[in-house]
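Asks: When you get a sec, could you give me coordinates for this:
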Amino acid sequence: MSAPLDLDAYLSLLRTDGALVNVGAPEQPVSLNLFSVIAGRKTLAGSSIGGIRQTQEMLDFCAAHGIGAEQRRPLPLRDRHGDDPTPGPARLGPARLGQA
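Replies: As a prediction, this is how the structure comes out:
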């Protein structure tokens, strides 16, 4: 179960004219004090998934600045391939995207 997402806390970390981009959908509805967005001229944007180039840029930025995952939830093999030949969590490799 995911912890509730506190957008106000994340927005408070942004400078004036900063942007917070959420990729993916939270499991629970979120609330937000719009005054923090309006007064700070901040942008809140979202996408269900980023493009390959943008996702790779984000991964490279995170690696360069020591930013890691807040929460990891491996996707079981049965959800990716229809059945799960090995019990336990999926073993994922390095976060690197291939070029199409």
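Asks: Strands along this structure, start to end?
Replies: 19-23, 43-47 (DSSP state E).
Asks: List the buried residues in the last one.
Replies: In other words, strand 43-47. The neighbour-count check on strand 43-47 (16 or more other C-beta atoms under 10 Å) flags Leu44 as buried. The way it works is simple: take the backbone N, C-alpha and C, and place the C-beta from them, glycine included.
Asks: mean confidence score for the lengthiest helix in the chain?
Replies: Longest helix in the chain by number of residues (criterion: DSSP state H): helix 52-64. The average pLDDT within helix 52-64 is 88.
Asks: Could you tell me the angle between it and strand 19-23?
Replies: Computed by axes from the mean of the first three to the mean of the last three C-alpha atoms, to 10 degrees, the angle separating helix 52-64 from strand 19-23 equals 110 degrees.
Asks: okay, helix 52-64 in PDB with CA atoms only?
Replies: The C-alpha coordinates for helix 52-64 follow below in PDB (Å, rounded to 0.1, in the frame of the first residue of the first chain):
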ATOM      1  CA  ILE A  52      11.900   7.200 -23.800                       C
ATOM      2  CA  ARG A  53      14.100  10.300 -24.300                       C
ATOM      3  CA  GLN A  54      12.600  12.200 -21.400                       C
ATOM      4  CA  THR A  55      12.600   9.200 -19.100                       C
ATOM      5  CA  GLN A  56      16.200   8.500 -19.900                       C
ATOM      6  CA  GLU A  57      17.100  12.200 -19.100                       C
ATOM      7  CA  MET A  58      15.300  11.900 -15.800                       C
ATOM      8  CA  LEU A  59      17.100   8.600 -14.900                       C
ATOM      9  CA  ASP A  60      20.500  10.200 -15.800                       C
ATOM     10  CA  PHE A  61      19.700  13.300 -13.700                       C
ATOM     11  CA  CYS A  62      18.700  11.200 -10.800                       C
ATOM     12  CA  ALA A  63      21.900   9.100 -11.100                       C
ATOM     13  CA  ALA A  64      24.100  12.200 -11.300                       C
END
